[in-house]
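next one to model:
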Amino acid sequence: MFRQFYLMMIFSILFSCMVPVNVLAAADDSHWTPLLDAVFETNNLEMAVLILVNDNNIPVSDIIVKAREMGFGNTRIANALVDSKLSCKQVIIEVLQNKMPPKAIFNSDKICGEEYGHTPESILRLLVKELRFINMEEEDLGKKEKNTKIKQKNLKILLAVCKSMMAGKNYTKYDIMYHLCLADASNETISEAAKRFDVPTATTFKACPRHAEYGHAYISHELPEEAHIIIGVDHLTIDDNSGKGVISPKRP
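Model (predicted):
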């Protein structure tokens, strides 16, 4: 009986000792604030990012949040991430997924300078490719993206990049629609961009003829002569003023 009591006492002591260690280990795995604070306190931004990314594999999102909290500029943060072991593509996606403005990338001499040579349109192409859930062939077969929440977040990022291109880089509405089409953006993305930026239907069709596959009918005066040629519309009446308009075929 004494032996049983003795074994139970040992088990209790061991158990009480093990719990704090396990809890602390779990906390360390999921909570990086002490390390982030210590590294940023004793190093400048660039060195802090190198230590945290290269030596400690701290989640990039945590580093970005900490750096912004300390008041560092968005472009400087992006440049510091580029100088770490992360690829330029990773930096672009991480920056935008963590709610930093697209101009943080566009204004980066490292990302858009001679080192990597990215342009706003190449960044847009990269994002369309990396942020889509299914490819064009699957979409044409009627397959649906599953995670609506992430899909909407990705669409928001794409539209923010488009808006920044027009506001800060002097891209026109036509340019935006053209580059989205060139990047093989989904018809849904193109439609949403046209709606969000109030792009005329004729401009959308001229920039992206494949978008005309929907086969909608439009009044002839809404379409410039170039659009008539590009999307293959045909007059339904001899007199344009008769009001019966034109129709865009399913396939130009």
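
where does the chain have low pLDDT?
Scanning the chain with the threshold set as pLDDT under 70 gives 1-30, 133-147, 212-252.

residue boundaries of the helices in it?
Listed in chain order, the helices of the chain (DSSP state H) span 2-30, 33-42, 45-50, 60-69, 74-82, 88-97, 103-106, 120-130, 136-140, 148-168, 173-182, 187-196, 201-207, 225-231.

how about those helices in CSV, adding distance to residue 114?
Backbone N, C-alpha and C define where each C-beta goes, glycine included. Putting these into CSV (distance: least, C-beta to C-beta, whole Å) gives the following:
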stretch, distance to residue 114
helix 2-30, 40
helix 33-42, 30
helix 45-50, 19
helix 60-69, 24
helix 74-82, 13
helix 88-97, 13
helix 103-106, 15
helix 120-130, 14
helix 136-140, 33
helix 148-168, 20
helix 173-182, 22
helix 187-196, 30
helix 201-207, 30
helix 225-231, 36
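
export those to a markdown table and tack on distance to residue 113 and mean neighbour count?
Formatted as a markdown table, the helices of the chain follow (distance: least, C-beta to C-beta, whole Å; neighbours: other C-beta atoms under 10 Å):
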| stretch | distance to residue 113 | mean neighbour count |
| --- | --- | --- |
| helix 2-30 | 37 | 9 |
| helix 33-42 | 26 | 14 |
| helix 45-50 | 16 | 19 |
| helix 60-69 | 21 | 18 |
| helix 74-82 | 10 | 22 |
| helix 88-97 | 11 | 20 |
| helix 103-106 | 11 | 21 |
| helix 120-130 | 13 | 18 |
| helix 136-140 | 32 | 13 |
| helix 148-168 | 16 | 16 |
| helix 173-182 | 21 | 20 |
| helix 187-196 | 28 | 17 |
| helix 201-207 | 28 | 22 |
| helix 225-231 | 36 | 16 |
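
with respect to residue 112, which of those lies nearest?
In this view, the helices of the chain are compared for proximity to residue 112 by C-beta to C-beta, and helix 103-106 is the closest at 6.1 Å.
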